[in-house]
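> structure, please.
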Amino acid sequence: MENLERLLREHDFLKDLAQPQAASLVSCVKNLRFESGAFLMREGDEASTFYLLRRGRVVLEVDVPGKGPLVMESLGPGDIVGLSWLFPPHRVHIDARAVDPVVALAFDGGCLRGKMEEDHDLGFALTRRLLAETYKRLQRVRLQRLDVYANP
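Predicted coordinates:
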């Protein structure tokens, strides 16, 4: 368990989380590996897991009828994957596929929601981090759209 706590505290998303809060999360997390081409999540599935990427690259993609998968974003070490575990109806909205071998800390979403509800300080700390990550992604999407419109 101590090893998982160390891994949690080393990840950018949780690096400055208070030690007791990080320790409380250990019961919700596993260290997982995915081979290249494996899906971490599929659109339409139950959103039950939240990932902190440690190694490797993951693409977020949507299936475009008649064209196949369209990559929306590429993520790597230090990034997070999966936000739908937090919001009802807890369904995945996009595919997440490993581009090369991936090592990630995988949180059980139900366990994590329970911890956040029990400890409101932890809930606030995690919600703040999740909102910051969401804002960064929104900024990247805006920049991508500007790039698309700047090059007709």
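> ok, and for the top helix by length along the chain, which residues are buried?
With secondary structure taken from DSSP state H, the chain has its longest helix at helix 120-150. Buried positions in helix 120-150, judged by neighbour count with 16 or more other CB atoms under 10 Å: Leu122, Gly123, Ala125, Leu126, Arg129, Arg137. For glycine as for every other residue, the C-beta is placed from the backbone atoms N, C-alpha and C.
> low-confidence bits of this protein, can you list those?
1-2, 147-152 (pLDDT under 70).
> show me where it has helices.
Listed in chain order, the helices of the chain (DSSP H) span 2-10, 19-25, 109-118, 120-150.
> out of those helices, nearest to Arg33?
Between Arg33 and the helices of the chain, the tightest spacing by CB to CB is seen for helix 2-10, at 13.1 Å.
> now that closest one: buried residues?
Applying 16+ other CB under 10 Å to helix 2-10 flags Leu4, Glu5, Leu7, Leu8, Arg9 as buried.
> same check on stretch 37-55?
For stretch 37-55, the neighbour count (16+ other CB under 10 Å) marks Leu40, Met41, Ala47, Ser48, Thr49, Phe50, Tyr51, Leu52, Leu53, Arg54 as buried.
> out of those residues, who's nearest Ile94?
Nearest to Ile94 out of those is Met41 (CB to CB; 7.9 Å).
> beta-bridge partners for that closest one, please?
With DSSP bridges as the criterion, Met41 is bridged to Ala96.
> re earlier: which one of the buried residues of helix 2-10 is nearest to Pro101?
Proximity of those to Pro101, judged by CB to CB, is greatest for Leu7, which lies at 16.9 Å.
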